[in-house]
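1. From the sequence below, what's the structure:
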Amino acid sequence: MDERTKQLLALGREHYEKREFDKAEHYLRQVLERETAKFADVLNMTGVIHHDRGRFEEAQAAFEEALQINPNYTEAALNLAVTYNDLGRYDEAKRIYQAALARGADSPGQLDPFVKGKIANLHAEVAQAYTDAGMMPDAMHELRKAILLCPTFADLRVKLANLYRQAGDLDAARFELEEAINARPRYVPAYIALGVTLLSMGNGERAMESWKSALEVDPDNKAADMYLRMARGATSSSPPPKLDASAERAILGGKIDND
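-> Numbers count the residues shown, from 1 in each chain. The predicted structure is shown next:
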């Protein structure tokens with residue numbers, strides 16, 4: 001690498017770390033154009049910039065190329081998994097994530113589960129800040145990163161599913177809620193939220209089954225009982241029940257639990 005390319009790369013990294021993505025992309029693109037041998041970290045940074053702008057297919061291509069250069073590049077693998085998830089390619093997202101975990105298990109310096117939980121909590125706190133500011137795509141991105149670290153944290157998946165549902169992506173919401181239930185079969189908020197999602201999809205029978213499952217775990221759950229009674233008394237043309245504030249809080253739950 002010549003001196004000019006080194007200078008461009010340094011400037012690109014500096015602006016990238018400051019999240020000045022317009023400037024970072026300007027320099028990183030020049031690095032990729034000047035060098036015959038591509039750099040995995042430059043491609044990964046470029047992919048993150050594409051993803052931040054909603055250019056998911058371009059992000060996917062960048063992350064995949066980074067992994068071709070360095071198959072053990074865990075960060076690029078996790079970023080690719082997030083991108084596949086954004087594109088609705090859930091099976092591929094899971095495959096890439098599990099492969100990254102398998103590589104990490106054989107690598108020195110892997111993160112302790114407690115540390116992963118702490119980092120996941122930080123991502124969730126940032127996600128809540130984005131949600132409060134009305135920046136839903138950013139909130140969802142932070143939650144997806146947290147879930148990649150801690151895929152068995154059911155409350156993370158419920159929070160992400162509720163954001164998907166608000167955005168109208170009911171298939172993605174259902175996927176996250178089913179994964180939450182697989183991870184924690186007795187996590188009542190996941191059953192309640194799944195019922196709401198299924199009813200919104202026009203599947204009243206399965207919605208009632210989900211709320212019944214919630215009541216089997218927690219017979220005194222007011223939200224599940226309310227939805228089940230409403231569904232039983234509703235006609236097929238009735239709109240799905242809207243979450244009131246208390247039910248929404250019950251579904252979203254509290255702080256992430258690390259068990």
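
2. Quick check: what element follows the lengthiest helix in the chain along the chain?
-> Ranked by number of residues, the top helix in the chain under DSSP state H is helix 113-132. Later in the chain than helix 113-132, the nearest helix or strand by DSSP states H and E is helix 136-149.

3. and that next one, what does it pack onto?
-> Judged by 3 or more C-beta pairs under 8 Å, 6 or more residues apart in numbering; DSSP states H and E, helix 136-149 is in contact with helix 74-86, helix 113-132, helix 154-167. Any C-beta I mention is one placed from the backbone N, CA and C, and that applies to glycine too.

4. tell me the mean pLDDT over the longest one?
-> Which is helix 113-132. When pLDDT is averaged over helix 113-132, the result is 85.

5. Which elements pack onto it?
-> Helix 113-132 packs on helix 136-149, helix 154-167, going by 3+ C-beta pairs under 8 Å, 6+ apart.

6. Just give me how far it sits from the chain centre.
-> Its chain's C-alpha centre and that of helix 113-132 lie 12 Å apart, by C-alpha atoms, centre = their mean, to the nearest Å.

7. quick one, it and helix 154-167 angle?
-> Helix 113-132 runs at 20 degrees relative to helix 154-167, counting by axes from the mean of the first three to the mean of the last three C-alpha atoms, to 10 degrees.

8. Now do helix 113-132 against helix 136-149, angle only.
-> Using the same axes, to 10 degrees: helix 113-132 against helix 136-149 is 170 degrees.

9. can I get the CA coordinates of helix 113-132 in CSV?
-> C-alpha atoms of helix 113-132 as CSV (Å, rounded to 0.1, in the frame of the first residue of the first chain):
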residue,chain,number,x,y,z
PRO,A,113,-21.7,-14.6,28.5
PHE,A,114,-22.0,-12.0,31.3
VAL,A,115,-20.1,-9.5,29.2
LYS,A,116,-22.4,-10.3,26.2
GLY,A,117,-25.4,-9.6,28.4
LYS,A,118,-24.0,-6.3,29.5
ILE,A,119,-23.3,-5.2,25.9
ALA,A,120,-26.8,-6.4,24.9
ASN,A,121,-28.3,-4.3,27.6
LEU,A,122,-26.4,-1.3,26.3
HIS,A,123,-27.7,-1.9,22.8
ALA,A,124,-31.2,-2.2,24.2
GLU,A,125,-30.8,1.1,26.1
VAL,A,126,-29.7,2.8,22.9
ALA,A,127,-32.6,1.3,21.1
GLN,A,128,-35.0,2.7,23.6
ALA,A,129,-33.5,6.2,23.2
TYR,A,130,-34.0,5.9,19.4
THR,A,131,-37.6,4.7,20.0
ASP,A,132,-38.3,7.7,22.2
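
10. and that helix, which residues are buried?
-> Neighbour counts over helix 113-132 (16 or more other C-beta atoms under 10 Å) mark 116-117, 120-121, 123-124, 126-127, 130-131 as buried.

11. re earlier: now tabulate the helices and strands packed on helix 136-149 in a markdown table and tack on distance to residue 145.
-> Converted to a markdown table, the helices and strands packed on helix 136-149 look like this (distance: least, C-beta to C-beta, whole Å):
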| stretch | distance to residue 145 |
| --- | --- |
| helix 74-86 | 7 |
| helix 113-132 | 5 |
| helix 154-167 | 10 |
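
12. For residue 144, which of those helices is the nearest?
-> Residue 144 lies closest to helix 74-86 among those, at 4.9 Å (C-beta to C-beta).

13. Can you tell me which helices and strands the closest one packs against?
-> By 3+ C-beta pairs under 8 Å, 6+ apart, helix 74-86 packs against helix 40-52, helix 56-69, helix 90-105, helix 136-149.
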